[in-house]
Each structure stands twice: as structure tokens, then as C-alpha cells.
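Undergrad: I need the structure of the sequence given here:
(chains A and B)
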Amino acid sequence: ETGVTQTPRHLVMGMTNKKSLKCEQHLGHNAMYWYKQSAKKPLELMFVYNFKEQTENNSVPSRFSPECPNSSHLFLHLHTLQPEDSALYLCASSQDILGGVEKLFFGSGTQLSVL
Amino acid sequence: QKEVEQDPGPLSVPEGAIVSLNCTYSNSAFQYFMWYRQYSRKGPELLMYTYSSGNKEDGRFTAQVDKSSKYISLFIRDSQPSDSATYLCAMRGQGAQKLVFGQGTRLTINP
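TA: Presented below is the predicted three-dimensional model:
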């Protein structure tokens, strides 16, 4: 398998549930990202990891908790979400942290609905 | 004022037409300019990548950057129904880690 793989593709959860999103990249990249894509809004960067270390938390509420056990895997743990958190959650990776000519490669996303 | 402005559309054109997609931006420090294409129920994929000003051509696609006007464009020649997607512009400054995206323009090419 190649590229960036995200599971599950769709997730429906109640406000009191706890769930996790998974991302795996098969590109040998060192940096991984979580983005949120809401209807009629630009992509919002949530978290950045470089060599398993978190380098950016873009003022994301604590009900979203990222985990990066190694350079190939990234998780987003969700708990006590709000309906406004419903969105497409995209994982991305790049060879190294963005700075020069690095390019982002995205997964297909997890479509999350919070009831 | 948003850092990057992009008309969300929707834009609908007949097959074979020339399509022009545009973004304006306010941050003069932006140096790297990208266009991503996002098909329905998929993640964005990098389509074109330009550094600083000028034109870049790849097949039916041409990306233009006019830094003096803070304006970038993507032209699609001989448009095909398979070009129907949402097109996102994105940009960042030299050494900057954060990529700033436009809202995306939804494009439909009608057979």
C-alpha cells in the first residue's frame, strides 16, 4: 500500500463518546499533520509532528488529543466533542517540516459527524 | 481581512472551455504558491507548485503568479469532465512552516 491512509472513512459519534482517528503514511516521511476541513472554510491546521515530536498546536481545544508513536503513524483521540466539530479531518505528511520546497501529501480523510 | 481570498463558486463551464481560477492574498512575504485539486470524498492532491513570480506550465495546466498584484491564477485548457473538482490555492513564506489555504473553488465541467 502506498501514500497516506486514514481510517475510518466515516465516523458518527455522540457528544459523550470517545473515539480515535488513525493515519498511516507509507512514504518514508518525517513530518505528519492533522487538518480540519469544514464546509465553506479554508483548511485549518491543527497539529504538526516532526520526527514524532509535536512542533505545533494551533490553539486546538483539549477535547482533541493527538498521538504520534512513530514517524509513520498518527492518531487523533476524540472525547466529549461538540456538534460544531463535525467536519472532514485530513491527515497529511511531508518529507521534512515545511520550510523550503517541501510538499504536503494528504490522505482521503475521515468524515466525522457529532450528534 | 483574510490572508488568502478565493471565490468558492460554484463555477460551471462546458467541456473544452478555458478555465481561470484565481486567488488574491495580502501577505507580501508569501514566496511559495501551490494549487491543490480535491475530488469529492478525497483528500487534496498537489497539482502545481510555483516559487516566487512567473508562469509554470504542465500539460493543460498553467499556474501564474503576479507578486506585484498579490494575485495567482490557475488556467485549465481544453477542460474535461474529469477536471470537475474543488481547486484550493495555498501559499507560505520563506522558511514558514504554516501553509495558508484559500477556501477552494468548486468547478464543474459539463459534457
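
Undergrad: spit out the contact partners of the closest residue to chain A within chain B.
TA: At 3.4 Å from chain A, B:Gly43 is the closest residue in chain B, using C-beta to the nearest C-beta. Where you see a C-beta, it was placed from the backbone N, CA and C, and this is true even at glycine. Residues in contact with B:Gly43 (C-beta atoms under 8 Å, 6 or more residues apart in numbering or on different chains) are A:4, A:6, A:90, A:92, A:106-109.

Undergrad: so which of the residues you listed reach chain B?
TA: When C-beta under 8 Å from any C-beta of the partner chain is applied, the members of the contacts of B:Gly43 adjacent to chain B are A:4, A:6, A:90, A:92, A:106-109.

Undergrad: inside strands: which ones of those?
TA: A:4, A:6, A:90, A:92, A:106 (DSSP state E).

Undergrad: closest to chain B out of these?
TA: Using C-beta to the nearest C-beta, A:Phe106 comes nearest to chain B of those, at 3.4 Å.

Undergrad: so who does that closest one touch?
TA: For A:Phe106, the contacting residues are A:4, A:35, A:90-92, B:36, B:43-45, by C-beta under 8 Å, 6+ apart.

Undergrad: now those: which count as buried?
TA: Taking 16 or more other C-beta atoms under 10 Å in any protein chain shown as the criterion, what is buried in the contacts of A:Phe106 is A:4, A:35, A:90-92, B:36, B:43-44.

Undergrad: report the two of the ones in strands among the ones next to chain B among the contacts of B:Gly43 separated the most.
TA: The two members of those with the most space between them (C-beta to C-beta) are A:Gln6 and A:Ala92, at 10.0 Å.

Undergrad: between those two, which contacts overlap?
TA: When contacts are counted by C-beta under 8 Å, 6+ apart, A:Gln6 and A:Ala92 are jointly contacted by A:107, B:43.

Undergrad: hmm, back to that, adding distance to A:Pro69, write the contacts of A:Phe106 out as CSV.
TA: Below are the contacts of A:Phe106 laid out as CSV (distance: C-beta to C-beta, whole Å):
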residue, distance to A:Pro69
A:Val4, 16
A:Tyr35, 20
A:Leu90, 20
A:Cys91, 14
A:Ala92, 18
B:Tyr36, 28
B:Gly43, 22
B:Pro44, 25
B:Glu45, 27
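
Undergrad: which among the residues you listed gets closest to A:Lys19?
TA: Distances from A:Lys19 to the contacts of A:Phe106, taken as C-beta to C-beta, are shortest for A:Cys91 (15.1 Å).

Undergrad: secondary structure element for the nearest residue to that closest one once chain neighbours are set aside?
TA: Closest residue in space to A:Cys91, ignoring its immediate chain neighbours: A:Cys23 at 3.4 Å, by C-beta to C-beta, 6 or more residues apart in numbering or on different chains. Using DSSP states H and E, A:Cys23 sits within strand A:18-25.

Undergrad: pull out the buried positions in the helix or strand where A:Val48 lies.
TA: Using DSSP H and E, A:Val48 falls within strand A:44-50. Of the residues in strand A:44-50, A:45-50 count as buried by neighbour count, 16+ other C-beta under 10 Å.

Undergrad: just checking: what are the partner strands of the helix or strand bottoming out on mean pLDDT in chain A?
TA: Using mean pLDDT, DSSP states H and E, strand A:53-57 stands out as the lowest-scoring helix or strand of chain A, at a mean of 84. In the sheet, strand A:53-57 lines up against strand A:44-50 (antiparallel) (DSSP bridges).

Undergrad: OK, contacts around B:Thr86?
TA: B:Thr86 makes contacts with B:37-39, B:104-107, as judged by C-beta under 8 Å, 6+ apart.
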